[in-house]
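# whatever this is, show me its structure:
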Amino acid sequence: MPRVVDHDARRAEVAKVAYDLIAVGGAEVATIRKVASAAGYSTTIVSHYFTSKKDLLQAVIDLSLTLSQNHVLAASTSGDLQSVLEAILPISEVQKQNWRIWFGFWGEAVSDHDFREQQGRQSRDTLELMKAFMLHAGYCLTDEPEQEAEDLARRTLSVVTGLATLASFDPGYWPAERQKKVIEEYVETLETRK
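Residues are numbered from 1 along each chain as shown. Sure thing, here's the model as predicted:
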């Protein structure tokens, strides 16, 4: 009797192997052959689940986004802006890996229309989530709270993305404590508005 294979679980397993490879070596290392070798499968099996490198990269990006969203959602239960922003930064091992994945993905997005479109959607989605957080947390005090929330969300995401970029490429100079201090100071400027 043939062995029953959970195809969703195997696809997720292969995507996780590719995720780990890309987090260490960048998107260029995620060839079907290298992923198959690292997963202990034949290239035929990996090709069965991922018809192209682009398909494999998409699965890695989806996994990265899910891991990051879960991390940020867990932090957001506190309702504390500083905790949410720290959950985005490359402080935890999960977020360090995710930022390495995203940088690799950004490189792919430069030359691939579909990846570029996806990156734009993800940026807008993140902006909308941050905007909703700003409205809910009481940071908007003007007669135009929607516009104020959008402005604050853009500013906040610019700060976080810039800080995460610096910390990802120079982790010795930007350890967790220094990142947290910058975020603490930034949040204090918002708190004084209340």
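# can you pull the contacts of Gln122?
Shown in contact with Gln122 (Cβ atoms under 8 Å, 6 or more residues apart in numbering): Leu65. (Glycine included, C-beta is placed from N, CA and C.)
# what does His7 give?
Tyr49.
# buried stuff in the helix or strand harbouring Ile22?
Element membership for Ile22 (DSSP states H and E) is helix 7-25. Across helix 7-25, burial judged by 16 or more other Cβ atoms under 10 Å covers 10, 14-15, 17-23.
# ok, stretch 172-189 next?
174, 179, 182-183, 186-187.
# of these, closest to Ala36?
Comparing these against Ala36 with Cβ to Cβ places Trp174 closest, at 35.8 Å.
# with pLDDT and distance to Ser47 added, can I get the buried residues of helix 7-25 in TSV?
As requested, the buried residues of helix 7-25 are exported to TSV (pLDDT from 0 to 100; distance: Cβ to Cβ, whole Å):
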residue	pLDDT	distance to Ser47
Arg10	89	13
Val14	93	10
Ala15	93	14
Val17	94	14
Ala18	94	13
Tyr19	93	18
Asp20	93	19
Leu21	92	16
Ile22	91	18
Ala23	89	22
